[in-house]
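Engineer: take this sequence and fold it.
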Amino acid sequence: MSLALAGLILVCVFTYAFEIVFGLAGTIMMVAIMSLVYEPRTLVVYSLLPQILVATIGLGRSPRVVRARPLAGMLGAAALGMAAGLWIFFRLGDDQFRRLLATAITLFGAYLVLVPAPPPLPPWARRLLDGLAGASQALFGISGPVAMTRLLATYRDKTEVRNYALAFFLAMNLMRAAGYLAEGTVTPEIAGMMAWSAPFLAVSLWYANHLHFRVREGVFRRVVAWIILLGGLSLYRQ
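Structural biologist: Numbering: from 1, shown residues only. Presented below is the predicted three-dimensional model:
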């Protein structure tokens with residue numbers, strides 16, 4: 001195991017423990033830190049593994065609050081957005097990729113900081129954000145900023161918000177994985193990174209999940225908003 005990979009695993013243990021507690025931001029923080037060592041595009045592809053682990057463990061060890069019909073509506077719109085996003089993903093240069101990633105994260109983070117309890121959205125706005133979340137997932141491996149904006153305006157209980165987010169992210173990541181495999185995007189190097197880190201992440205996330213139930217509602221919303229905003233701003237400096 002190289003020093004860079006050991007550093008990646010250590011960072012992921014902490015950042016994805018944060019994600020399983022708050023429902024997002026593991027990839028935002030991981031990319032912001034580890035893009036000093038790895039190319040952002042490599043990290044986005046690698047993020048498939050920890051995101052799938054977070055969603056599987058978080059949903060498996062939580063109350064069953066996710067209903068099939070609302071989730072299916074989100075996923076239908078997101079699938080259309082993901083198809084467009086995958087087409088764009090393979091045609092962006094590295095500099096364009098970084099700027100677009102930073103701008104998208106920063107804008108949604110700023111909105112959530114300014115409006116911590118967003119008003120209810122009309123149906124067309126919910127579907128628009130679902131589609132944008134799918135495109136963001138395909139482009140960046142990150143749909144949390146968009147999806148959380150939509151979910152915080154739809155549900156009031158933090159566990160319901162988090163679990164819908166995790167179910168949504170799990171489905172999106174499975175779609176993204178299929179797209180990557182079809183394009184041969186998961187290289188032997190990335191597959192090796194996943195294989196080395198999987199046992200460490202699985203154990204840490206299994207135990208980190210219980211921390212979610214100790215977080216107060218207000219703290220949950222404030223932390224989610226600020227971590228999105230700060231993660232986006234940090235990418236401009238790299």
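
Engineer: show the subsequent helix or strand relative to the helix or strand of the chain with the lowest mean pLDDT.
Structural biologist: Lowest by mean pLDDT, DSSP states H and E among the helices and strands of the chain is helix 94-114, with a mean of 72. Remark: after helix 94-114, the chain's next helix or strand is helix 123-140, criterion DSSP states H and E.

Engineer: so where is this protein shaky, pLDDT-wise?
Structural biologist: 1, 89-98, 101, 118, 139-142, 231-232, 234-238 (pLDDT under 70).

Engineer: select the longest helix from it.
Structural biologist: The residue-count maximum for a helix in the chain (DSSP state H) belongs to helix 158-183.

Engineer: what about the closest residue to Phe169 other than its chain neighbours, how many residues nearby?
Structural biologist: Distance criterion CB to CB, 6 or more residues apart in numbering; nearest residue to Phe169, sequence neighbours excluded, is Ala55 at 5.2 Å. Glycine gets a C-beta too; all of them are placed from N, C-alpha and C. Residues near Ala55, counting by other CB atoms under 10 Å, number 25.

Engineer: show me what the helix or strand Ala55 falls within is in contact with.
Structural biologist: Assigned by DSSP H and E, Ala55 falls within helix 48-60. If you take CB atoms under 8 Å, 6 or more residues apart in numbering as the criterion, helix 48-60 is touched by 12, 16, 19-20, 26-27, 30, 66, 141, 162-163, 166-167, 169-170, 173-174, 176-177, 180, 186, 194, 197-198, 201-202, 205-206, 209, 212.

Engineer: do that again at 6 Å, thanks
Structural biologist: For helix 48-60, contacts defined as CB atoms under 6 Å, 6 or more residues apart in numbering pick out 12, 16, 19-20, 166, 169-170, 173, 177, 194, 201-202, 205-206, 209.

Engineer: for stretch 127-136, same thing?
Structural biologist: With contact meaning CB under 6 Å, 6+ apart, stretch 127-136 is reached by Met74, Ala77, Ala78, Leu80, Gly81, Met82, Ala84, Gly85, Ser143, Val146, Ala147, Arg150.
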